[in-house]
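can't give you the sequence, but here's the structure:
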């Protein structure tokens, strides 16, 4: 991400704060391509959910949610915009997973060959974290780590791009990324 792109996004955020709804469309377009890649990346691992929805459904839901959020409460800056976009993808995936695999979901009433593969994977790895849990864990992380996870993992940015967006040094981004990964690993892996 270039400084020009960051500047453009900040300009659109400022326009949106002044009530220019065309700026909301520009922000959605700017996020849309990245969110599409992100949705496909994340959704590739949601084998059980693929029976009911495809990645386009998740993307559409996330973009609609993002559009409503931008209208209701514009972010203050570019990092807040990217955090908001990543959160809407997380929430869309979590909501769909809960809808189909919650207590009354259609997915809880049937078994498929995919479920058998999931069980085998669980026994091979000790404890294979469910993506739903992963997204929930990210939501509970300290803000300074979560924003780095949002930019690097959810938005697929390079460390250099994230440093540019957050106006932080590359060393700080690397340190926060490492700390976030260690925190997630401790939460995911069973102890001793």
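Done, it's in. These numbers were taken from a predicted model, which means no experiment stands behind them. Numbers count the residues shown, from 1 in each chain.

Give the other helices and strands that whichever helix or strand residue 187 is part of contacts.
For residue 187, the element it lies in under DSSP states H and E is helix 170-188. Judged by 3 or more CB pairs under 8 Å, 6 or more residues apart in numbering; DSSP states H and E, helix 170-188 is in contact with helix 131-140, helix 143-149, helix 159-166. C-beta coordinates here come from the backbone N, C-alpha and C atoms, glycine included.

what angle separates it from helix 159-166?
Calculated by axes from the mean of the first three to the mean of the last three CA atoms, to 10 degrees, helix 170-188 forms an angle of 100 degrees with helix 159-166.

Can you check the pLDDT for residue 191?
For residue 191, the pLDDT comes out at 54.

Quick check: buried residues in the helix holding residue 187?
For helix 170-188, the neighbour count (16 or more other CB atoms under 10 Å) marks 173, 176-177, 180, 183-184 as buried.

Including distance to residue 30 and mean pLDDT, could the helices and strands packed on helix 170-188 go into CSV?
What follows is the helices and strands packed on helix 170-188, written out as CSV (distance: least, CB to CB, whole Å; pLDDT from 0 to 100):
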stretch, distance to residue 30, mean pLDDT
helix 131-140, 22, 82
helix 143-149, 18, 94
helix 159-166, 12, 94
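
got a markdown table for the ones you listed, with distance to residue 10 too?
Formatted as a markdown table, these follow (distance: least, CB to CB, whole Å):
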| stretch | distance to residue 10 |
| --- | --- |
| helix 131-140 | 25 |
| helix 143-149 | 16 |
| helix 159-166 | 10 |
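
Turn those helices into JSON lines, columns for mean neighbour count.
Below are those laid out as JSON lines (neighbours: other CB atoms under 10 Å):
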{"stretch": "helix 131-140", "mean neighbour count": "16"}
{"stretch": "helix 143-149", "mean neighbour count": "19"}
{"stretch": "helix 159-166", "mean neighbour count": "20"}
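
With residue 21 as the reference, name the closest of the ones you listed.
Checking these against residue 21 by CB to CB gives helix 159-166 as the closest, at 24.0 Å.

Which elements pack onto the closest one?
helix 3-17, helix 78-101, helix 143-149, helix 170-188.

Where does pLDDT dip in this protein?
Where the chain drops to pLDDT under 70, the residues are 1-4, 42-49, 105-131, 188-192.

centroid residue for it?
Centroid check for the chain by CA atoms, centre = their mean gives residue 86 as the closest residue, at 3.7 Å.

re earlier: export the buried residues of helix 170-188 as JSON lines, with columns for distance to residue 41.
JSON lines is the format used below for those (distance: CB to CB, whole Å):
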{"residue": "173", "distance to residue 41": "20"}
{"residue": "176", "distance to residue 41": "21"}
{"residue": "177", "distance to residue 41": "17"}
{"residue": "180", "distance to residue 41": "18"}
{"residue": "183", "distance to residue 41": "21"}
{"residue": "184", "distance to residue 41": "17"}
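
Thanks a lot, catch you later.
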